[in-house]
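In: Provide a 3D model corresponding to the input given below.
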Amino acid sequence: MKLQEKLSDGRKYINKTLWIILIPIIMDIFTLLTYQYIYQVEYVPIRQLFTFKFGIISTPPSVRFILEDFPALILQYNNSGFRGIINELSLFNVILAVTVLLLISFIKSGYLNILSSISHNTVKIKDFFILGNQFWFKFFLLEILLIYPLFLMLIKRNFIYLAIINIIFFYVKYSIIFDEGSILDNFRKGVAFFWANIGLSIKMAFYFGCIFSLLSIVVYLMAGVGLFGISIAIILTAYFGAIVNKSVLEVYREVKDKTV
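Out: Numbers count the residues shown, from 1 in each chain. Alright, predicted model coming up:
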């Protein structure tokens, strides 16, 4: 499978559906401004010139893939320790986290449904809100599963290693979009796809990771300028991230169709 062709097709689709990158842009800027407002501190990214990335950017994409210390809406753990708007375990924070996850689930449902459209002519901005209702509950269950290691880390940091297990669920979100059946069927098909295509997954992680490794040079330069520069970095990451999201989605579609 030629990933270069998938990337080229993804770029053409995003260029004709450019409004879709507003979703990750708004998410990152909202997270940044909320974090700075709550903690009354300006976010200053780590000073680096280049980062080698091996992996596939999140869906929707976030500049956090490159700027690993970028604020998280809920919780994250990195070399700087716990960061995020929610950084301790309490009833209020659990309720807040559930509310945020519900919103994120709706956004992911609409975002991936838009990207799954074969023709850019068939989707409009209003379709995002319509399609967001289609699979939001399945995505909510998936998000709950993926985030539980982070909350367990608030109890004991050694639980961070449980997050490694989440990699086997990488394709579940694509199964939710393309495969019929219950959420259990989606988990089964998504995990089965992962084990059957480990080589392809590694190839994509390296290929798409190299793209963001090069992009990291520009992102770090822009992020050092201040809020305006960080905003530009967010826009660039959203654009290239959406292209990669579309490319991976089409890889899943093609492989799935060949095995049916």
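
In: pLDDT (mean, whole number) over the helix or strand containing Glu143?
Out: Assessed by DSSP states H and E, Glu143 sits inside helix 136-153. If you average the pLDDT over helix 136-153, you get 83.

In: Specify the next element, helix or strand, located C-terminal of that helix.
Out: helix 172-178.

In: quick one: average pLDDT of that next one?
Out: Helix 172-178 carries an average pLDDT of 95.

In: contacts for that helix?
Out: Applying CB atoms under 8 Å, 6 or more residues apart in numbering, the set of residues contacting helix 172-178 from outside is 59, 108, 112-113, 116, 135, 138-139, 142, 183, 185-187, 189-191, 193, 248-249, 252-253, 256. Just so you know, the C-beta spots here come from the backbone N, C-alpha and C atoms, and that holds for glycine as well.

In: for the residue positioned nearest the centre of the chain, helix, strand, or coil?
Out: Centre of the chain computed as the mean C-alpha position; nearest residue by CA atoms, centre = their mean is Ser58, 2.2 Å away. Here Ser58 is recorded as coil under DSSP: H, G, I helix; E, B strand; the rest coil.

In: How many neighbouring residues does the residue nearest to it when sequence neighbours are not counted have?
Out: Residue nearest to Ser58 in three dimensions, not counting chain neighbours: Phe65, with 6.4 Å by CB to CB, 6 or more residues apart in numbering. Phe65 sits with 22 neighbouring residues when counted by other CB atoms under 10 Å.

In: Let me know the pLDDT of Phe65.
Out: Note for Phe65: predicted pLDDT of 94.

In: returning to what we had before: how about the residue nearest to the centre of the chain, phi and psi?
Out: The phi/psi pair for Ser58 (degrees, to the nearest 10) reads phi -70, psi 170.

In: can you pull the contacts of it?
Out: Arg64, Phe65, Gly241 are the contacts of Ser58 under CB under 8 Å, 6+ apart.

In: Pretty sure the first one sits against Lys53.
Out: Going back to what we said before, that points to Arg64. No - applying CB atoms under 8 Å as the test, Arg64 and Lys53 come out as separate, 11.8 Å apart.

In: Nearest spatial neighbour of Ile217, chain-adjacent residues omitted?
Out: Nearest to Ile217 is Phe50, by CB to CB, 6+ apart, at 5.5 Å.
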